[in-house]
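return a 3D structure for these sequence lines:
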Amino acid sequence: MEVRLDGKVALITGGSMGMGKAMAQKFAASGAEVAIVARRPEPLADAAREIVSAGGRCRAYAGDVSRADEVNRLFSEINAGLGRVDILVNNAGRSQAGKFEELTDEIWQGDFDLKVFAAVRFARQAFPGMKSRRWGRIINVLNIGAKAPGPGSAPTTVMRAAGMALTKVLAGEGAPYNVLVNCLMTGLIVSDQWARRQDCEDQHSREHWKTQREDDHQAGGTDAVRLQRRAGKRNGVLRGVTALAAGNRPDC
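As a prediction, this is how the structure comes out:
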């Protein structure tokens, strides 16, 4: 069943590349008018032009979502330009992980501002209008590390766990007003960020995983075990997030 978002206005942070851009393309193709936000103006403008060229409606807004004044400015400009925000997707954030003893206060604070406070501030701006119209959707893009953090995964997994708690708080407060709040818990998905990480791997790392895959095969490893080392594809995620944006049960 095709999910439509006709007549809705969506705001997507981290919308210039990767999954954010893919979500913007999917929402626009489903009938929504989309505002994409990112820090770098050039790739942001390129993404908006690509969506418009494909027949969608999209506007680009450049800014640093880790700063309170920038979030206020961005939301005011989007609200003035598009009239309202029906769907908010908090997608900004890069993977930031390291050994605990090597993480400085500056690293912790930077990750908190980008992943937690940005979501808090955008939600705080969007929530009143959604409640007054008795229709709204907020989707916080997290990852499975929020529930199953591993060694060396801070601060990202800690921030994602905070995002999961924020989602539950907003879901309880928004439900009486038909404001549905969900989190999207992704695993490893093929995206621009994933590709950049692959490009940065050294030869030793690539040889390690090549050897590991060969060892699994020779040992008769099951398909399920080998599948755990494969990156997922975007299509299933996009079907799910579009269904959440529409308020339907994801069928993917």
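
could you use CA atoms for every contact and neighbour count after this?
Will do.

how are the helices of the stretch 101-250 of the chain distributed by residue range?
Remark: helices assigned in the stretch 101-250 of the chain by DSSP state H, counting those that start in this stretch are 105-111, 118-133, 156-174, 192-200, 203-218, 223-227, 234-246.

and the ones you listed, which one's lowest on average pLDDT?
Sorting the helices of the stretch 101-250 of the chain by mean pLDDT places helix 223-227 lowest, at a mean of 38.

roughly how far apart are residue 44 and residue 54?
In this view, residue 44 and residue 54 are 16 Å apart by C-alpha to C-alpha, to the nearest Å.

more crowded one of those two?
Counted by other C-alpha atoms under 10 Å, residue 44 and residue 54 do not tie: residue 44 has more neighbours, with 23 against 12.

who touches that one in this structure?
Residue 44 makes contacts with 15-17, 36-38, 60-62, as judged by C-alpha atoms under 8 Å, 6 or more residues apart in numbering.

tell me the pLDDT at the nearest residue to residue 131 once chain neighbours are set aside?
Nearest residue to residue 131, sequence neighbours excluded (C-alpha to C-alpha, 6 or more residues apart in numbering): residue 177, at 5.3 Å. Residue 177 is assigned 98 on the pLDDT scale.

residue 177: what's it in contact with?
Applying C-alpha under 8 Å, 6+ apart, the residues near residue 177 are 130-132, 134-135.

may I see those arranged in JSON lines, with neighbour count as well?
Putting the contacts of residue 177 into JSON lines (neighbours: other C-alpha atoms under 10 Å) gives the following:
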{"residue": "130", "neighbour count": "23"}
{"residue": "131", "neighbour count": "17"}
{"residue": "132", "neighbour count": "12"}
{"residue": "134", "neighbour count": "14"}
{"residue": "135", "neighbour count": "18"}
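
and the two most separated of the residues you listed?
Greatest spatial distance in the contacts of residue 177: 132 and 135, 8.0 Å, computed using C-alpha to C-alpha.

burial measure for residue 81, as a count.
Residues lying near residue 81 (other C-alpha under 10 Å) number 11.

kindly apply the preceding question to residue 67 instead.
Around residue 67 there are 15 residues (other C-alpha under 10 Å).

quick check: closest non-adjacent residue to residue 134.
Residue 134 sits nearest to residue 177 (C-alpha to C-alpha, 6+ apart), 4.9 Å away.

likewise residue 238?
Leaving aside its sequence neighbours, residue 238 sits nearest to residue 23 (C-alpha to C-alpha, 6+ apart; 6.2 Å).

ditto for residue 7
Distances taken as C-alpha to C-alpha, 6+ apart place residue 32 nearest to residue 7, at 6.0 Å, with adjacent residues excluded.

the one you found touches residue 8, doesn't it?
Yes: using C-alpha atoms under 8 Å, residue 32 makes contact with residue 8 at a distance of 5.0 Å.

which one's more surrounded, the two?
It is residue 32, of residue 32 and residue 8, that has more neighbours when counted by other C-alpha under 10 Å, with 23 against 20.

what about whatever helix or strand residue 70 lives in, distance to the chain center?
Secondary structure from DSSP states H and E places residue 70 in helix 68-82. Relative to its parent chain, helix 68-82 has a centroid offset of 19 Å by C-alpha atoms, centre = their mean, to the nearest Å.
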